[in-house]
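> okay, sequence plus prediction incoming.
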Amino acid sequence: MFYREAGQFHTSYAQDTQLFPLRQDRVGMAITLLAAFALPAVANDYWLSAILIPWLILALVALGQNILMGYAGQLSLGSAGFMAVGAFACYNFILRIDGIPFVLAVLLSGVCAAIIGIVFGLPSLRIRGLYLAVATLASQFFIVWALDKFGWFKNYDTSGVITTQPIIIFGHNFATPAEKYWVVLVIVAVLTLLAKNLARGSVGRAWMAVRDMDVAAEVMGLSLLRTKLQAFAISSFYCGVGGALFAFAYLQTVEPSAFTIDLSFRILFMVIIGGLGTIMGSFLGAAFILLIPVFLNIVFHAAFGHHVDSTLTSALEQVIFGATIIAFLILEPLGLARLWQLTKERLRLWPFSH
Amino acid sequence: MPIDKIARRTLAGLAALSACVAISAMPTAALADEQYFGIPSNRVGPYAAMGTGYYGGIIDYLNYVNLKGGVNGVKLTWTECETEYNAARTVECYQRLLHNGDKKLVVFDTLGTPGAYAVINRMAPDQVVLAQYGYGRTDAADGAVWPWVFNAAGQYWAQSTAHLNFIAQKEGGIEKMKGKTLVHLHIDTAYGREPIPAMREVAKQWGFKLVEIAVPPPGLEQQSQWLQIRREKADWVTFWGAGSGMNSTAITTAARIGFPRDKMLYVTFGGAEEDMIPAGDAAKGTFVAANAVPGKWPLIQDIEKVVYGGGNGNLQNPQRIGTAYYNRGVGAAVMWVEALKNAQKIHGKVGKEVHGAEFRDGYEALDITPEKLKELGIDGMLAPFKLSCAKHDGAEHWRMMQWNGSKFDIVSDWVGPNDPKFIRTMIEDSAAKYAAENKITPRTCP
């Protein structure tokens, strides 16, 4: 009843190709963004610093992984490694360049990750699929090893960890959870918009052409070298920015082994559960993987308290989490984003289903 | 049924469930005089053996104190949170446990260096004590730079040099160490590398060759590392591992290449019954350092009687009472409760709840004398120690044990570093560097 396009006419190309052709979508997005900005007024520090900030950051990283895997079809397992590059690059930029603006440092660390991403993306020109995934594993191990091995990256800290500097933008120290949340939100929102536009423009079409059949794409005149490396670079850029934010706005004290293969797998699952080749899916998938275990833990402790052995409930949480993943994959193999899309299509007809 | 319908129903069900839970979890009107603790346990995954024993010990002791009438009448309450020994989850748990109704956290103990690092900078602004019980950031032993971080069971630099001291005793004196080869086999994380700076200095002073060999986590495959150890013709191996998988693999691999087990010395975090038993007979002879000696000390017996006798025990398997991790947990909880007693006394709040800053003063005033240990019934289980404004690391003494195939035999008295002053200088230098980098002005200690 409320969600339908009847009566909305597009009279120019610009109108037809805009980001949200439906007025309801535009209004909805505006409300969502406003709500997101106003959220710190109602959310407490726990929600901001333990749920929303890591969720937004991991959604950004999942978005990066999605660009590479979902849009360009290159199976990669190195996202946590590129996050590590971003985190340590950002630390070193701020440490070694006096007075560098924070946002510039974050963007430059994304660029560092992109350069390393290009290097490790080179094998993609020769190998595909699972073999490529194994080749990109090398980046994961190499990066963490290099950061561990060479003390310079950590400014020779005796414990081998970095303590991130405060986030200072225009002389203001963004220290409280709400302020950090705003910084993360702005960066994630801008980069998401960029990704959405990249994905629906010529760049995204080239990625999808390569994904669907690279020989055909090449025959049509696309440069495989360029397209694939571009996807690797942009994907690693997103992972790098995400890693820098993960270190600066979330953990604050980081050791290289925080970015293990385990994290790479989590990000991979976020993309698969959320929906390959969708922007929305990255956010939904990150929420699913990050929040379900936390939610289960809270529910179990609240429901059973001290009455039931928590070793048992902790194990049970893992079982339920695993079962939910399987259930969602069976119910909707195309991911949570597809569920969202189906709901929207139903809404168009609702309440008259014919 | 269409998929979205199923999904919608599932979601509605979940929402209803969580609403019910939220209602049932509403804080009931808090009784006066409760002291709230947060327990960030890890009960699943590769480090579960450690987490269940340690946090089981903590919870049992809190229960025990409650059953004995509380701390001057103040009842102890706690909430658990599962960290899975993961730094990001530890941050989530810390934020979740920080506030509980109108109660606020006073002390946090992650039982693991990665988790400790992830929250260490939140302690001062939030006014929470980080009680690293024998793990974590070493230079936090300098209380001038780290007012909120403690290490009551000693830090890794002191422990590693105590290991070297014990090895020197076995070899017949420090002068005999000259020309020997010692391998430091460690997990490739900040925790594994933590003791290296101190060991390098001692190697230089004593004239032995130190070979550092890293094992990438989770360390379930160590063949190449042990072949390298054989090539180096190592006289001793100090082992810095994590998780019973890695720890028992080291023993079985050593047995396979024929390295004598009684030339291996394990760090506190690798040296528990759960690490030895999986390796079977191969583990016989392995040396282990302990900051809380396993065994049924009088206090542990009493906990068994009072808590488990009443069916309130936290361990699934009561056989684990008195094992290394369990006793360590009890030791950590004893420090919490003693600190709470001190805090109540110092701030004139006997029989009342204290907040973070008061608890911190109480923790800093810990003075665990041999008489105190006797009174608590753990004389011999923990080493006596005293904290102060500047000195935030505790005992700095470990007892060496040897696995006899079914339990640990205690083979030494409390062993400390050969030159504690030198370790202290290193700590102060490192803390000063940290303070300068992060623009912290150290407080002045009397």
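That came through, no problem. Numbers count the residues shown, from 1 in each chain, chains lettered A, B, ... in the order given.
> after the worst-scoring helix or strand of chain B on mean pLDDT, which helix or strand is next?
Within chain B, no helix or strand scores below helix B:3-24, which has a mean of 50 by mean pLDDT, DSSP states H and E. The helix or strand immediately downstream of helix B:3-24 is strand B:34-41, counting by DSSP states H and E.
> what is the very next helix or strand once past that following strand packed up against?
The element immediately downstream of strand B:34-41 (helix or strand, assigned by DSSP H and E) is helix B:48-67. Secondary-structure packing of helix B:48-67 (3 or more C-beta pairs under 8 Å, 6 or more residues apart in numbering or on different chains; DSSP states H and E): strand B:34-41, strand B:75-82, helix B:273-276, helix B:298-303, helix B:324-346. Any C-beta I mention is one placed from the backbone N, CA and C, and that applies to glycine too.
> nearest to chain A, of those?
strand B:75-82 (4.8 Å; C-beta to the nearest C-beta).
> and the helix or strand where A:L60 lies, is it in reach of chain B?
A:L60 is located in helix A:53-66, with elements delineated by DSSP H and E. Yes. Applying C-beta under 8 Å from any C-beta of the partner chain, one finds helix A:53-66 in contact with chain B at A:P54.
> could you point out which element follows that helix?
Counting by DSSP H and E, the next helix or strand C-terminal to helix A:53-66 is helix A:79-96.
> most centrally placed residue in chain B?
B:Y133 (3.9 Å; C-alpha atoms, centre = their mean).
> point me to the residue of the stretch 201-350 of chain A nearest chain B.
Chain B sits closest to A:A302 of the stretch 201-350 of chain A, with a gap of 3.7 Å, by C-beta to the nearest C-beta.
> which element follows the host helix or strand of that residue toward the C-terminus?
Taking DSSP H and E as the criterion, A:A302 maps to helix A:279-304. Using DSSP H and E, the next helix or strand after helix A:279-304 towards the C-terminus is helix A:310-331.
> now that following helix: buried residues?
By 16 or more other C-beta atoms under 10 Å in any protein chain shown, the buried positions in helix A:310-331 come out as A:310-311, A:313-314, A:316-317, A:320-321, A:324-325, A:328.
> helices or strands up against the very next helix or strand once past it?
Counting by DSSP H and E, the element after helix A:310-331 in chain order, helix or strand, is helix A:336-349. For helix A:336-349, the packing partners by 3+ C-beta pairs under 8 Å, 6+ apart come out as helix A:261-274, helix A:279-304, helix B:3-24.
> show me where the stretch 251-400 of chain B has strands.
Taking DSSP state E, counting those that start in this stretch as the criterion, the stretch 251-400 of chain B carries its strands at B:264-266, B:287-290, B:367-368, B:385-386, B:398-403.
> what strands flank the fourth one, and is each parallel or antiparallel?
Pairing partners of strand B:385-386, with direction, according to DSSP bridges: strand B:367-368 (antiparallel).
> mean confidence score for the partner strand?
Strand B:367-368 shows a mean pLDDT of 94.
> any low-confidence regions in the stretch 201-350 of chain B?
Across the stretch 201-350 of chain B, nothing is flagged by pLDDT under 70.
> 80 instead?
Across the stretch 201-350 of chain B, the ranges flagged by pLDDT under 80 are B:217.
> got the phi and psi for the closest residue to chain A within it?
Proximity of the stretch 201-350 of chain B to chain A (C-beta to the nearest C-beta) peaks at B:Q316, 5.8 Å away. Here is the backbone geometry of B:Q316 (degrees, to the nearest 10): phi -70, psi -40.
> my guess is it contacts B:A49. True?
No. When contacts are counted by C-beta atoms under 8 Å, B:Q316 is not listed as touching B:A49 (11.7 Å).
> who's more crowded, the two?
Per other C-beta atoms under 10 Å in any protein chain shown, whichever of B:Q316 and B:A49 has more neighbours is B:A49, with 22 against 13.
> wait, the more buried one touches B:Y325, no?
Yes. Under the criterion of C-beta under 8 Å, B:A49 makes contact with B:Y325 at 7.1 Å.
> got any residues that touch both of those two?
B:272, B:274 (C-beta atoms under 8 Å, 6 or more residues apart in numbering or on different chains).
> tally of neighbours for A:L290?
22.
> check contacts around it.
A:51, A:54-55, A:58, A:270.
> sorry, back to before: may I see the buried residues of the helix holding A:A302?
So for helix A:279-304, counting by 16+ other C-beta under 10 Å, buried means A:279-290, A:292-303.
> likewise stretch B:187-207?
For stretch B:187-207, a neighbour-count test (16+ other C-beta under 10 Å) marks B:187-199, B:201-203, B:206 as buried.
> chain center to that stretch: distance?
Offset of stretch B:187-207 from its chain centre (C-alpha atoms, centre = their mean, to the nearest Å): 19 Å.
> alpha carbons only: can I get it in CSV?
The C-alpha coordinates for stretch B:187-207 follow below in CSV (Å, rounded to 0.1, in the frame of the first residue of the first chain):
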residue,chain,number,x,y,z
ILE,B,187,54.1,-19.1,20.1
ASP,B,188,54.4,-16.4,17.6
THR,B,189,52.3,-13.7,19.4
ALA,B,190,53.0,-10.8,21.6
TYR,B,191,52.7,-13.2,24.6
GLY,B,192,55.3,-15.5,23.2
ARG,B,193,57.8,-12.7,22.5
GLU,B,194,57.1,-10.9,25.8
PRO,B,195,60.0,-12.5,27.7
ILE,B,196,62.6,-12.2,25.0
PRO,B,197,64.1,-8.8,25.8
ALA,B,198,65.0,-10.0,29.4
MET,B,199,66.3,-13.3,28.2
ARG,B,200,68.6,-11.7,25.6
GLU,B,201,70.2,-9.5,28.3
VAL,B,202,70.8,-12.5,30.6
ALA,B,203,72.3,-14.5,27.7
LYS,B,204,74.7,-11.7,27.1
GLN,B,205,75.6,-11.5,30.8
TRP,B,206,76.0,-15.2,31.4
GLY,B,207,77.6,-16.0,28.0
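> pretty sure B:D379 is touching B:L373, no?
Yes. Look at B:D379 against B:L373 with C-beta under 8 Å: they come within range, at 4.2 Å.
> give me the more crowded residue out of those two.
Legend: neighbour count by other C-beta under 10 Å for B:D379 and B:L373, higher for B:L373 (20 against 16).
> show me the contacts for that one.
Per C-beta under 8 Å, 6+ apart, neighbours of B:L373: B:379-382, B:384.
> highest neighbour count among the residues you listed?
That'd be B:L382 among the contacts of B:L373, by other C-beta under 10 Å, with 29 neighbours.
> which residues sit in contact with that residue?
By C-beta under 8 Å, 6+ apart, the neighbours of B:L382 are B:153, B:291-293, B:331, B:334, B:368, B:373, B:395.
> in chain A, what spans have low per-residue confidence?
Counting by pLDDT under 80, chain A has low-confidence residues at A:1-7, A:158-160, A:305-307, A:349-354.
> give me the neighbour count for the closest residue to chain B within the stretch 1-150 of chain A.
Nearest residue of the stretch 1-150 of chain A to chain B, counting by C-beta to the nearest C-beta: A:A50, 3.6 Å away. Using other C-beta under 10 Å, A:A50 has 23 neighbouring residues.
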